[in-house]
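1. here's my sequence, what's the structure:
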Amino acid sequence: MSAQRNSILCPNCRKLISLDEPSCPYCGLIRPGLHDTAGKIRNLFFFFEPVQTVLYVNIAFFVLSLLLDPREIFMGGSLFGFLSPSNQSLLMLGASGVIPFMHYHHFWSLLSASFLHGGILHIVFNMMAFYQLAPFVLQEFGLHRFSCIYLLTGVAGFAVSVMAGVPFTIGASASVCGLIGAIIYFGKSRGGAYGEAIYKQAMGWVIGLVLFGFLFSGINNWAHGGGLASGLLLAYVLGYHDQRPESAWSKVLAYACLLLTAGALLWAAISSLFTQFVM
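-> Below is the predicted model:
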């Protein structure tokens, strides 16, 4: 007796099909079995609303960075330095730049630096910008493409910073700029009155970032530029809902990014706590 072929409901049209179909015979979805597997993996990663999760993780790491060295939290000498974690705390938790990346070989810092901030105003400004931009990208690009864009543009921004010789850098602004880049591509690509309005709003953010970068010292314009450019590129490569549905490969890429980021953050938190309070 021949082995029974497994069947699944197509993740797109919900028709019963064979698991190993190369494409859904009803709606044409490519590799529906891989989409089904990705959907099951999704439940392991996304217990909470993604925008809130990013906010909570940033706040948690900011509090942890303060607790690791509480003696220096009021020692910041600039506007962005108020209620500041020490550089030692930030280095242990995954700050990026030439010093951590090249001298200490903290290669994982390209992932973790997006979740660290140098002061209360720093995290407030970045999270306010994130909270305004992220829901739109999540809505128009979908959960998995949103995850790829946010995490990978942070990596790109800090990689550019290292290549540009920035010694020490942190902050979610590279990833926030990645969201802006994705919105610019969406608005220009979609066109029409709606797309044009979105494009103009996004360009307003870019103008504000440029002015902010020139008016205030200590702003990592390299990370901003790297995040913005990579956001444009990723949006072009991955697409958005009005262009095409999320592919199975964008889902796999999202899970890989999430797994690597979670690993980097857990390693940073556990190793820094052990070093500070056990050794």
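2. next secondary structure after the worst-scoring helix or strand of the chain on mean pLDDT?
-> Lowest by mean pLDDT, DSSP states H and E among the helices and strands of the chain is helix 32-45, with a mean of 54. Next along the chain after helix 32-45, taking DSSP states H and E as the criterion, comes helix 50-68.
3. by contact count, what packs against that next one?
-> helix 87-93, helix 120-141, helix 143-164, helix 248-277 (3 or more Cβ pairs under 8 Å, 6 or more residues apart in numbering; DSSP states H and E). Placement of C-beta: from N, CA and C, glycine included.
4. and the helix or strand just after the third one with helix 143-164, angle?
-> Secondary structure here is assigned by DSSP H and E; on that basis, the next helix or strand after helix 143-164 toward the C-terminus is helix 173-190. Relative orientation of helix 173-190 with respect to helix 143-164: 120 degrees, computed using axes from the mean of the first three to the mean of the last three Cα atoms, to 10 degrees.
5. contacts for the next helix or strand after helix 173-190?
-> As assigned by DSSP H and E, the chain's next helix or strand after helix 173-190 is helix 192-215. Contact partners of helix 192-215, identified using Cβ atoms under 8 Å, 6 or more residues apart in numbering, comprise 129, 133, 136, 177, 180, 183-184, 186-190, 219, 221, 224, 228.
6. buried set for helix 192-215?
-> For helix 192-215, burial by neighbour count (16 or more other Cβ atoms under 10 Å) applies to 198-199, 202, 205-206, 209, 213.
7. circling back to that earlier point, max pairwise distance over the contacts of helix 192-215: which two?
-> Taking Cβ to Cβ as the measure, the contacts of helix 192-215 span a maximum distance of 30.6 Å, between 190 and 219.
8. for the helices and strands packed on helix 50-68, which one ends up most surrounded?
-> Highest mean neighbour count of those: helix 143-164, a mean of 25 (counted as mean count of other Cβ atoms under 10 Å).
9. how far does that helix sit from its chain's centre?
-> Offset of helix 143-164 from its chain centre (Cα atoms, centre = their mean, to the nearest Å): 6 Å.
10. other SSEs contacting it?
-> Using 3+ Cβ pairs under 8 Å, 6+ apart: helix 143-164 touches helix 32-45, helix 50-68, helix 109-112, helix 120-141, helix 173-190, helix 221-238, helix 248-277.
11. go again using 10 Å as the cut-off
-> In terms of contacts (3 or more Cβ pairs under 10 Å, 6 or more residues apart in numbering; DSSP states H and E), helix 143-164 is packed against helix 32-45, helix 50-68, helix 98, helix 109-112, helix 120-141, helix 173-190, helix 221-238, helix 248-277.
12. adding distance to residue 23, write those helices out as a markdown table.
-> Formatted as a markdown table, the helices and strands packed on helix 143-164 follow (distance: least, Cβ to Cβ, whole Å):
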| stretch | distance to residue 23 |
| --- | --- |
| helix 32-45 | 7 |
| helix 50-68 | 29 |
| helix 98 | 47 |
| helix 109-112 | 34 |
| helix 120-141 | 23 |
| helix 173-190 | 25 |
| helix 221-238 | 20 |
| helix 248-277 | 11 |
